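J.: Dropping a prediction and its sequence here:
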Amino acid sequence: MHTTTSVILDTRRMKKDGTYPLKLQVTHQRKTKHFPSIFNLSEVDYQKLTAPRISAKLQRVRDGVRRIQREAEDFLEGVEAFSFYLFQRDFVQHHDLLKSRKLAEEAEDFEEDDVDVRLYNRRFPLLKEKNLPAQSIGAVYLRCIKNLLREERIGTALAYKDSYNSILQFRGNLLFAEVTVSVLHQYEQWMLKKGRSRTTIGIKLRNLRAVFNEAIAQGLLKKEKCYPFGRRKYQIPTGKKVKKALDQEVIGRLYYSEPSSPLLQKAKDFWLFCYFGNGMNPKDVVYLKWKNMQGEYFVFTRAKTERSTRTDPRPITVYITEDMQNIIERHGTKDKHPESYVFPIMRDDLNPLKQYERVPVFTRFINDGMKAICEELGIDKNITTIVSRHTFSTQLKRSGVSTEFIQEALGHTDKRTTENYLDSFENEVKKQYAQNLVAFKKMVVQPRE
């Protein structure tokens, strides 16, 4: 949002000599702050500043006012992300015509109406916090969360909230200078003792690292002084990749099963729709529109990567198999207007938070249904929507399809992400490979003459 400046006469409190202070007024995001200059004028003299002829004394004041205004505007042009704290620190404190004040740890506060907090207060208690020290992680977490909510990136905002709450339970709202390598190791051990996995710890701390990077970008701290992450510092743990792909036998049992209720059948249908649809994410199923159907194919951009691939969009093309078509006929919407959703799950008249909540509810419906089906079939596996994605990619790999093709089918921008999805080959295949190594033993060796 645009930041404006002006020099005004602050007439709220008169000085003993009958004058008032001239102050630099700065307005940003509907919030205004005043920074006093070295000049004091009476109301009469202030009115004379615009006159064509004035005294030498007033001329010096006018020149000073114009200089303050001009240099403040020049400074703001070079600022990518404004904050009053940084403006005072980097401009006011060093300007000879503005009074230098003690640079306090200014609390980070926001106007109530820059984000409609009524929508999010219940899910984001941090929005209600006041007087957070600017040098604390809580202040920057709050800024990041508000920015994410403005962009309607609800899921990412919730991940930041969970990260902050976890650290808050560990040791409170720490100042950045207090987050040392030792403290991060202590946090990791604290989480492990609570039964949290290294994957979970990594997720929480990657968000904290992003908060540090945001604070550096805002000029709140210098990376070389108190950045605890990186080589020879704290290394964020990564979890062991758990292989989730199903083999052909289990896929066949699921496909030909007859669930005990229509709701379980519907959950199975959507799981298979994800599997046959290039391992489609539930969110992409929810947001599929009839305009995405182009002949025998669905063509769409993954919701998860829509922002990161905006300059280089990577549309996914899914062949609509006979099974997928049957599922659409059973559960799809009858209104086939291009802007209508294929399945009656999402609605455009919902607010962003309500829209976000539709996806996890839909995902949970599928996962709970598949769990019940597995119990009926005696399958001792946790078959979720993510398993359908891993199974799709692994079955293609086992059939001889290249990793590059699978990467395109999944919509991954990084080949390494695809490789993480690919399961190991079955033990029987490994056994066959091992036997090939000793095939020479079966060869008849002719004795030398």
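T.: Happy to help now that I have it.
J.: Going by C-alpha atoms from here, please, whenever you check contacts or count neighbours.
T.: Will do.
J.: Make sure D96 is indeed in a helix.
T.: No: the assignment for D96, made by DSSP: H, G, I helix; E, B strand; the rest coil, is coil rather than a helix.
J.: What ranges in the chain fall below the confidence cut-off?
T.: Within the chain, the ranges that satisfy pLDDT under 70 run 1-2, 29-30, 80-81, 102-118, 240-243, 304-313, 405-406, 408-415, 417-449.
J.: Let me see the ranges of the strands in it.
T.: Listed in chain order, the strands of the chain (DSSP state E) span 4-9, 20-28, 31-41, 107-108, 132-133, 293-294, 297-300, 316-319.
J.: Ok, which of those comes nearest E258?
T.: Closest of the strands of the chain to E258 is strand 316-319, at 25.6 Å (criterion: Cα to Cα).
J.: Mind giving me the packing neighbours of that closest one?
T.: Packing partners of strand 316-319 (3 or more Cα pairs under 8 Å, 6 or more residues apart in numbering; DSSP states H and E): strand 297-300, helix 403-410.
J.: C374 contacts K381, correct?
T.: Yes: counting by Cα atoms under 8 Å, C374 does reach K381; the two are 7.2 Å apart.
J.: Take the strands of the chain and lay them out in TSV including mean neighbour count.
T.: Converted to TSV, those look like this (neighbours: other Cα atoms under 10 Å):
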stretch	mean neighbour count
strand 4-9	17
strand 20-28	20
strand 31-41	17
strand 107-108	18
strand 132-133	18
strand 293-294	16
strand 297-300	18
strand 316-319	20
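J.: For L98, find the nearest of the ones you listed.
T.: So among those, strand 31-41 is nearest, using Cα to Cα, at 4.1 Å.
J.: Show residues contacting the closest one.
T.: Strand 31-41 is contacted from outside by 9, 19-27, 61, 84, 92, 97-99, 111, using Cα atoms under 8 Å, 6 or more residues apart in numbering.
J.: repeat that with 7 Å
T.: Here strand 31-41 makes contact (Cα atoms under 7 Å, 6 or more residues apart in numbering) with 19-27, 61, 97-99, 111.
J.: need the residues you listed in CSV with distance to D323, can you?
T.: Output for the contacts of strand 31-41, formatted as CSV (distance: Cα to Cα, whole Å):
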residue, distance to D323
T19, 83
Y20, 79
P21, 77
L22, 75
K23, 72
L24, 69
Q25, 66
V26, 62
T27, 59
V61, 80
L97, 75
L98, 73
K99, 74
E111, 52
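J.: one step back: could I get the strands of the chain as TSV with distance to R209?
T.: Listed next are the strands of the chain as TSV, based on distance: least, Cα to Cα, whole Å:
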stretch	distance to R209
strand 4-9	32
strand 20-28	27
strand 31-41	29
strand 107-108	20
strand 132-133	19
strand 293-294	40
strand 297-300	32
strand 316-319	32
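J.: So for C374 and K381, which sits in the more crowded spot?
T.: It is C374, of C374 and K381, that has more neighbours when counted by other Cα atoms under 10 Å, with 20 against 13.
J.: ok, the more buried one - contacts?
T.: So C374 contacts D380 (Cα under 7 Å, 6+ apart).
J.: One more: E152?
T.: Residues near E152 by Cα under 7 Å, 6+ apart: P352.
J.: Y319 now?
T.: For Y319, the contacting residues are E296, Y297, F298, by Cα under 7 Å, 6+ apart.
J.: Mind doing that once more with 6 Å?
T.: Neighbouring residues of Y319 by Cα atoms under 6 Å, 6 or more residues apart in numbering: Y297.
J.: just to revisit the earlier point, can you tell me which of the strands of the chain is nearest to R231?
T.: strand 132-133 (29.1 Å).
J.: List the pairing partners of the closest one within its sheet, with orientation.
T.: In the sheet, strand 132-133 lines up against strand 107-108 (antiparallel) (DSSP bridges).
J.: Any figure for the gap between the residue positioned nearest the centre of the chain and Y287?
T.: Taking Cα atoms, centre = their mean, the centroid of the chain lies closest to T156, which sits 3.5 Å from it. Computed as Cα to Cα, to the nearest Å, the T156 to Y287 distance reads 18 Å.
J.: residues near the residue nearest to R123 when sequence neighbours are not counted, how many?
T.: Of all residues not flanking R123 in the chain, L158 sits nearest, at 8.0 Å (Cα to Cα, 6 or more residues apart in numbering). When counting by other Cα under 10 Å, one arrives at 16 neighbours for L158.
J.: Also the one 10 residues further on?
T.: Other residues near L168 number 14, with proximity taken as other Cα under 10 Å.
J.: which residues does V387 contact?
T.: With contact taken as Cα under 6 Å, 6+ apart, V387 is in contact with K244, A245.
J.: give me that answer again for 10 Å
T.: K243, K244, A245, L246, W271, C274, Y275, G279, S393, Y421 (Cα atoms under 10 Å, 6 or more residues apart in numbering).
J.: out of those, who's nearest D349?
T.: Using Cα to Cα, those come closest to D349 at C274, 25.8 Å.
J.: Show me the domain layout of this protein.
T.: Following automatic domain parsing, one finds the domains of the chain at 4-94, 107-226, 248-430.
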